[in-house]
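*Asks:* fold the following, please.
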Amino acid sequence: MDYLKTDEEHGEALKRWLGQNGLGLLVAIAVGVGSVLGYQQWQQHQVNQKTDAAGRYQELIELAAIDFSIEETGADFKRLLTVADGLRQAHPDSNYAAVGASIVAAQAVERGDFDLAVNQLTFAASQLQLPELQVMISLRLAKLELELGQGDAALRRVRGLSAGFFSGSRNELEGDILVAMDRLIEAREAYSRARTSLTEAGLNTAVIDLKLSSLPEG
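*Replies:* Residues are numbered from 1 along each chain as shown. Below you'll find the predicted structure:
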């Protein structure tokens, strides 16, 4: 199952966020701290906190490369949950904890644990501080709702999102939901909007083209 995996639009958002929160920036902050000792100590604490969060997050990324649909990966899955829980407890209000929860959700789906996936994504959606990432997580929740047969809820969630982010993904997912609901004329309109958005952003439209071509004419 790949409906919780990061698509091209979401991947670009994560790259931007990680670039803004990377260790290189943290080191630069540490080096550029003023001479006042108290401020230096406080700033170093901030650097240490963010470095710790980034390290835990990196371990989650590495664990996420495992195929958790295989039963023999039970120990690795427990490790994934432990790292994610530690990240959440140590840095509860950070974007790292929230994005880490979305990683756990994707792996939980691989193991068929949909309740855990919903729980993790709901936490992520409530904690994320950046609107762009909030929309990304909401889209993943809608994909999960669609997979669970909750088409009406998924459609409401997608249509209630801010129009400023991920227009290609939003419209594509809306089309997927409408196809599942057998509302094919509306689905074609949504896919067409998605194709326009992706084209304007310079992103690949092959998947959208395939979905459009699979719909009956008229």
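*Asks:* okay, and the helix or strand of the protein with the least pLDDT?
*Replies:* Ranked by mean pLDDT, DSSP states H and E, the weakest helix or strand in the chain is helix 23-31, scoring a mean of 46.
*Asks:* nearest residue to Gln134 other than its sequence neighbours?
*Replies:* The shortest distance from Gln134 to any non-neighbouring residue, by Cβ to Cβ, 6 or more residues apart in numbering, is to Leu128 (4.7 Å). C-beta: built from backbone N, CA, C; applies to glycine.
*Asks:* how near is the one you found to Ala154?
*Replies:* 19 Å (Cβ to Cβ, to the nearest Å).
*Asks:* cool, Gly74 as well?
*Replies:* Distance of Gly74 to Ala154, given as Cβ to Cβ: 30 Å.
*Asks:* who's more crowded, the two?
*Replies:* Ala154 (25 against 11; other Cβ atoms under 10 Å).
*Asks:* for the residue nearest to Ala180 when sequence neighbours are not counted, give me the pLDDT.
*Replies:* Counting by Cβ to Cβ, 6+ apart, Gly151 is the residue found nearest to Ala180 once chain neighbours are left out, at 5.4 Å. Note for Gly151: predicted pLDDT of 95.
*Asks:* quick one: Gly151 and Met181 touch, right?
*Replies:* Yes - using Cβ atoms under 8 Å, Gly151 is in contact with Met181, at 5.0 Å.
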